[in-house]
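S.K.: Give me a 3D structure for the following:
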Amino acid sequence: MTRLSVNINKLATLRNARGGNNPDVVRMALDIERFGAQGITVHPRPDERHIRRSDVRALKPLLTTEFNIEGYPSADFVDLVLEIRPAQVTLVPDPPGVLTSNAGWDAREQKTLLRKVVAQFKLEGIRTSLFMGTDPEQIAHAADTGTDRIELYTEPYAANFETGKEQAVASFTKAADRASEFRLGLNAGHDLDRANLAYFKQHVPGLLEVSIGHALICDALTFGLENTVQLYLRELR
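M.R.: Next up, the predicted model:
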């Protein structure tokens, strides 16, 4: 079964909007695990506008499922990952001030940087994943960095799903086949939700993990967090 990793950034955004510790991000992450999710994802940004480095440090000794840390490989991010040693690190090409991830890596242009960082993490036994688009050539360049996996950036799929789901998923199916040629593990994330998740999973072979945050937390406002986690797990089955 494809694993569900829940991105808890939005919970931290809600906490930070008021100050204090409500909601308690660590407690809710443990609840999400208890409700059946197979992983927790965080994306600490330089301005700490949602997840803080203190959250990352607090979560590490308590989580019992896969811990996935996303981020741009700046020197301070690399230091944090090497300190925490999560199960997986997902490298994204976001500049510091971007609102949310909006593109995959240009692995050809950034290969020197990516090779260096991937090698650092793999030496420490940390699985690496690169946030990527569906361009077959770029996936080949990603494989050349030594990464273990790629995470497909799925916003284009989500944006076009309602107007033509077959066409929307086609490039992702081809990207999955391309990743398989290079023996790359396959993750996916960004704007996946209850409406489009099952179809994506059915048509993208070898999908190991999805990372979902915004849509899942929004659904939790209506259905409750425990029920929502179960609803997303149901779509993945």
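
S.K.: Report the secondary structure state of the spatially most central residue of the chain.
M.R.: Note on the chain: the residue nearest the mean C-alpha position is Ser211, at 4.2 Å, using C-alpha atoms, centre = their mean. Secondary structure for Ser211, judged by DSSP: H, G, I helix; E, B strand; the rest coil, is strand.

S.K.: Tell me how far stretch 18-34 lies from the chain's centre.
M.R.: 19 Å (C-alpha atoms, centre = their mean, to the nearest Å).

S.K.: again, but for stretch 213-230
M.R.: 17 Å.

S.K.: list the contacts for the closest residue to Arg57 other than its chain neighbours?
M.R.: Nearest non-adjacent residue to Arg57, counting by C-beta to C-beta, 6 or more residues apart in numbering: Ile84, 6.9 Å away. Glycine gets a C-beta too; all of them are placed from N, C-alpha and C. By C-beta atoms under 8 Å, 6 or more residues apart in numbering, the contact set of Ile84 is 56-57, 60, 67, 69.

S.K.: List the buried residues in stretch 188-195.
M.R.: 188-194 (16 or more other C-beta atoms under 10 Å).

S.K.: Out of the contacts of Ile84, which end up buried?
M.R.: 56, 67, 69.

S.K.: for these, which one is nearest Arg49?
M.R.: Val56 (14.3 Å; C-beta to C-beta).

S.K.: Quick check: that closest one is in a helix.
M.R.: Yes: counting by three-state DSSP, Val56 is found in a helix.

S.K.: From what I see, it and Ile69 are in contact.
M.R.: Yes: the criterion here is C-beta atoms under 8 Å, and Val56 meets it with Ile69 at 6.7 Å.

S.K.: Which neighbours do the two have in common?
M.R.: Shared contacts of Val56 and Ile69, defined by C-beta under 8 Å, 6+ apart, comprise 42, 44, 80, 84.
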